[in-house]
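[1] Give me coordinates for this.
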Amino acid sequence: MPEEPAAPAPMSFVLIHGMYVTASAWDPWVERLTALGHDARAIEWPGYDLSPAELRGHPPEDLPSLTFGKLVEHYEEQLRFVGLEDAVLIGHSMGGLVVQALLARGIGAAGIVISPAPPSGVVSLDPRFLRANLTHLNVLARSRPAHLSPQRFHTYFANRMTREQSDALWAAHCVPTARSVPLGSLGEEGVVDPAALTRPLLVYGGADDRIIPAALARRIANRFPTAEYRELPDADHAVCFAPGWESLADACVAWAAERVVRD
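    Next up, the predicted model:
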């Protein structure tokens, strides 16, 4: 009988969420990766230490002061503090841009970004992108948190789900976000030098993603010499948290096992 393929050697994974959710959205991933023998943890954005329901009712007063630059610095400090500078970084949406920035700073053994926000200088004129991102890119409302109603969440974030599934995801995880983060990422804070990003990078795009259209995700991958692009059919922006997320998580682990060299 042929031998079973060996299980991947234990690795460290750090999961970074994007806007409108908290680190708790990654809990199923953390549990699955931990059960497979890996060290996995999701690190929260600064100031998001309440439950989603509490954050919806009382957004942090200092939320407008959070910038993209501060967000990247927060994750670099946290990773250095816990000794995970060589972890595999997995980021979704704005968390994907954080991963790109960290890798360019030499933090992380490899990166996996799912429907990642684009670095400064990479723009999209896709009408779906413009409509979906209008809420948090409103410069005139920069000092006020951006909110997604259940309807907008379903229309733009979880458009492949049923309304019932989308509403349940919204209730469990959706929170206000700081407009200053995406607005700041459009300028100097969001610049990622392709020559500085030398670690392996896997970019996932969702074929039915309205917030980060697949064509934009592909353009992000094409910027970096070490990047590989994969497209997920029938996937919206909530693909990490939608039914069937397990196969995506397993694919991420398999890719990391092939790309990351261990001593």
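
[2] so what pLDDT did the nearest residue to residue 47 once chain neighbours are set aside get?
    Using Cβ to Cβ, 6 or more residues apart in numbering and skipping residues adjacent in sequence, the residue nearest residue 47 is residue 60, 4.2 Å away. No exception for glycine: its C-beta is placed from N, CA and C like everyone else's. pLDDT recorded at residue 60 is 87.

[3] All the helices of the protein, residue numbers only.
    27-35, 52-57, 68-81, 94-104, 127-133, 150-152, 163-173, 180-185, 214-223, 245-259 (DSSP state H).

[4] Mind listing residues that contact the lowest-mean-pLDDT helix or strand in the chain?
    Taking mean pLDDT, DSSP states H and E as the measure, the helix or strand of the chain with the lowest value is helix 127-133, at a mean of 86. Helix 127-133 is touched from outside by 124, 156, 182, 210, 211, 212, 213, 216, with contacts defined as Cβ atoms under 8 Å, 6 or more residues apart in numbering.

[5] let's see it at 7 Å
    156, 210, 211, 213, 216 (Cβ atoms under 7 Å, 6 or more residues apart in numbering).

[6] Pull out the buried members of those.
    Using 16 or more other Cβ atoms under 10 Å as the burial test, those include 156, 210, 211, 213, 216 as buried.

[7] what's the closest of those to residue 91?
    residue 211 (14.3 Å; Cβ to Cβ).

[8] Am I right that that closest one is in contact with residue 235?
    No - counting by Cβ atoms under 7 Å, residue 211 sits too far from residue 235 to count as a contact (11.7 Å).

[9] Now residue 213: closest residue in space that isn't a chain neighbour?
    Nearest one to residue 213, counting by Cβ to Cβ, 6+ apart, is residue 126 at 4.8 Å.

[10] Run a quick check on that neighbour versus residue 214, I expect a contact.
    No - contact criterion Cβ under 7 Å: residue 126 and residue 214 do not qualify, at 9.8 Å.

[11] Of those two, give the one with the bigger neighbour count.
    With neighbours defined as other Cβ atoms under 10 Å, residue 126 and residue 214 compare such that residue 214 has more, 20 against 15.

[12] Bridged to the closest residue to that one other than its chain neighbours, which residues?
    Leaving out its chain neighbours, the residue that sits closest to residue 214 by Cβ to Cβ, 6+ apart is residue 205, at 3.8 Å. Bridge pairing for residue 205 (DSSP bridges) gives the partners residue 231.

[13] Pull up the gap between residue 205 and residue 227, please.
    12 Å (Cβ to Cβ, to the nearest Å).
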